[in-house]
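**Student:** Structure, please.
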Amino acid sequence: MSSLPPLVEPAGDLSNEEVARYSRHLIIPDVGMDGQKRLKNAKVLVIGAGGLGSPTLLYLAAAGVGTIGIVEFDVVDESNLQRQVIHGRSDVGRPKGESARDSILEINPYVQVNLHEQRLEPEGAIELFSQYDLILDGTDNFATRYLVNDAAVLAHKPYVWGSIYRFEGQASVFWEDAPDGRGLNYRDLYPQAPPPGMVPSCAEGGVLGILCASIGSIMGTEAIKLICGIGEPLLGRLMVYDALDMTYRTIKIRKDPEGEKITELIDYDEFCGVVSTEAAEAASGSTVTASELKEKLDRGAKVALIDVREPVEWDIVRIEGATLVPKGDILSGEGLAQVPHDRPTVLYCKTGIRSAEALAALKRAGFADATHLQGGITAWANQVDKTLPVY
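**Tutor:** You can find the predicted model right below:
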């Protein structure tokens, strides 16, 4: 395998200030003046200014990418600062896009930053992607990943993808229209989204903050290689990083011969399903709000309050009077003996997703009057007991 042709034509020239700024690039033969001019002329769109977006954006700006677009609708939360290094303490409560832009311009005033302060939706995604040379996807949910993939295919753009969870990260490059018959897209790796509830998000399962730097820097490196046409890109290879073993391994990805041609954008929430149909049906009519649960407990109603999170989460915070029975134990049947039959059961997790899955299993096991807490312990801490920590 050889490098792909450069993605971007060189810009006209570099100013004396830019030559001084990028001197360590200019003296690398593989980059040089030509490569730096390509970076200056490049337009890169980054989806998300979170864990992966933060280091990627900072380093692409430092490298001299001339135009950087940021798709981001969220605001900075204190829990972001453990890994989202583009934001600082004074940015808490600010829109992430604005905070990211300020950090970028502090590093490199020669960068044009375009803010797209909205959630990426099928409407307008292809048109947006068409304005850029390259897309970087650092999002943390499957619905957006499939949307990015399909929009990139239909806009004929390459994109760099990364994903993180706990101590492990993955990265690859997808480009359906790559030259020399090397075209691949995300659906060749993952033809179908995993079943709802199978893969926890970082908010549910956690992530080692510094892992974002490793995977984000790989994503930025791949972007620079594609723009300049140097090295061997990760096209056709999945790179898997394990921070605990400190190992990097690459797995070959091949075109899925059964893969259907992507012709349009679809409803990605429906395609991926945040919770399973069974869980949604179980929760329908069997959900209590935080205030309703408080009112029940205050009047002395007999309920079995079951916490279905993991022991490490139980150690952080819990609702008084609850019993810990992790979701996995309920789904396997091992934990059912710990759920009393003599009173109604109320399940809770962090945000209400895992408790809905556990509720479906309980109802299957004959606990007809079981319910679950809408919004989980997060809603309880925000609405009922504000002394509790939120994680």
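**Student:** quick check, residue 18 in a helix?
**Tutor:** Yes. Looking at residue 18 with DSSP: H, G, I helix; E, B strand; the rest coil, it is inside a helix.
**Student:** Help me confirm that it comes into contact with residue 39.
**Tutor:** No. Residue 18 lies out of contact with residue 39 (C-beta atoms under 8 Å); the separation is 10.3 Å. For glycine as for every other residue, the C-beta is placed from the backbone atoms N, C-alpha and C.
**Student:** Common neighbours of those two, please.
**Tutor:** Residues within reach of residue 18 and of residue 39 at once, by C-beta atoms under 8 Å, 6 or more residues apart in numbering, are residue 64.
**Student:** Which one of the two is surrounded by more residues?
**Tutor:** A count of neighbours by other C-beta atoms under 10 Å puts residue 39 above the other of residue 18 and residue 39, at 23 against 18.
**Student:** Just give the closest residue to the more buried one, not the sequence neighbours.
**Tutor:** In space, and not counting its chain neighbours, residue 39 is closest to residue 64: 4.6 Å by C-beta to C-beta, 6 or more residues apart in numbering.
**Student:** cool, and residue 110?
**Tutor:** Nearest to residue 110 is residue 18, by C-beta to C-beta, 6+ apart, at 6.4 Å.
**Student:** And residue 352, by the same measure?
**Tutor:** In space, residue 352 is closest to residue 376, 4.7 Å off (C-beta to C-beta, 6+ apart).
**Student:** separation between residue 353 and residue 276?
**Tutor:** Applying C-beta to C-beta, to the nearest Å, the value for residue 353 to residue 276 is 10 Å.
**Student:** Those two: which has the busier surroundings?
**Tutor:** residue 353 (22 against 16).
**Student:** Can you get me a residue count around residue 373?
**Tutor:** The number of residues near residue 373, taken as other C-beta under 10 Å, comes to 25.
**Student:** Quick check: phi and psi on it?
**Tutor:** phi -90, psi 120 (degrees, to the nearest 10).
**Student:** which residue packs closest to it, ignoring adjacent ones?
**Tutor:** Nearest one to residue 373, counting by C-beta to C-beta, 6+ apart, is residue 348 at 3.9 Å.
**Student:** same deal with residue 268?
**Tutor:** residue 143 (4.0 Å).
**Student:** ok, that neighbour to residue 68 distance?
**Tutor:** Residue 143 is 24 Å from residue 68, by C-beta to C-beta.
**Student:** Likewise for residue 362?
**Tutor:** Applying C-beta to C-beta to residue 362 and residue 68 gives a distance of 48 Å.
**Student:** Over to residue 136?
**Tutor:** In terms of C-beta to C-beta, residue 136 sits 10 Å off from residue 68.
**Student:** what is in contact with those two at once?
**Tutor:** 44-46.
**Student:** pretty sure residue 178 is in a helix, no?
**Tutor:** No. Going by three-state DSSP, the assignment for residue 178 is coil, not a helix.
**Student:** surely it meets residue 4?
**Tutor:** Yes. Counting by C-beta under 8 Å, residue 178 does reach residue 4; the two are 6.6 Å apart.
**Student:** More neighbours: the two, which one.
**Tutor:** Taking other C-beta under 10 Å, residue 178 and residue 4 do not tie; residue 4 has more neighbours (21 against 17).
**Student:** and the more buried one, what helix or strand is that in?
**Tutor:** When elements are defined using DSSP states H and E, residue 4 is found to belong to no helix and no strand.
**Student:** three-state assignment of residue 126?
**Tutor:** helix.
**Student:** Distance-wise, check the residue most central in space within the chain relative to residue 217.
**Tutor:** What sits nearest the mean C-alpha location of the chain, by C-alpha atoms, centre = their mean, is residue 140, with 1.4 Å. Using C-beta to C-beta, residue 140 is found at 18 Å from residue 217.
**Student:** Quick one: low-confidence residue ranges for this structure.
**Tutor:** The chain contains residues with pLDDT under 70 at 1-2, 197, 274.
**Student:** Let me see the backbone angles for residue 163.
**Tutor:** The phi/psi pair for residue 163 (degrees, to the nearest 10) is phi -150, psi 150.
**Student:** wouldn't residue 228 be in contact with residue 32 here?
**Tutor:** No. Counting by C-beta under 8 Å, residue 32 is not a contact partner of residue 228; they are 9.2 Å apart.
**Student:** Which of those two has more residues huddled nearby?
**Tutor:** Applying other C-beta under 10 Å to residue 228 and residue 32 shows that residue 228 carries more neighbours, namely 25 against 13.
**Student:** how far away is the closest residue to the more buried one other than its chain neighbours from residue 11?
**Tutor:** Nearest non-adjacent residue to residue 228, counting by C-beta to C-beta, 6+ apart: residue 35, 4.0 Å away. Look at residue 35 and residue 11: by C-beta to C-beta, they are 11 Å apart.
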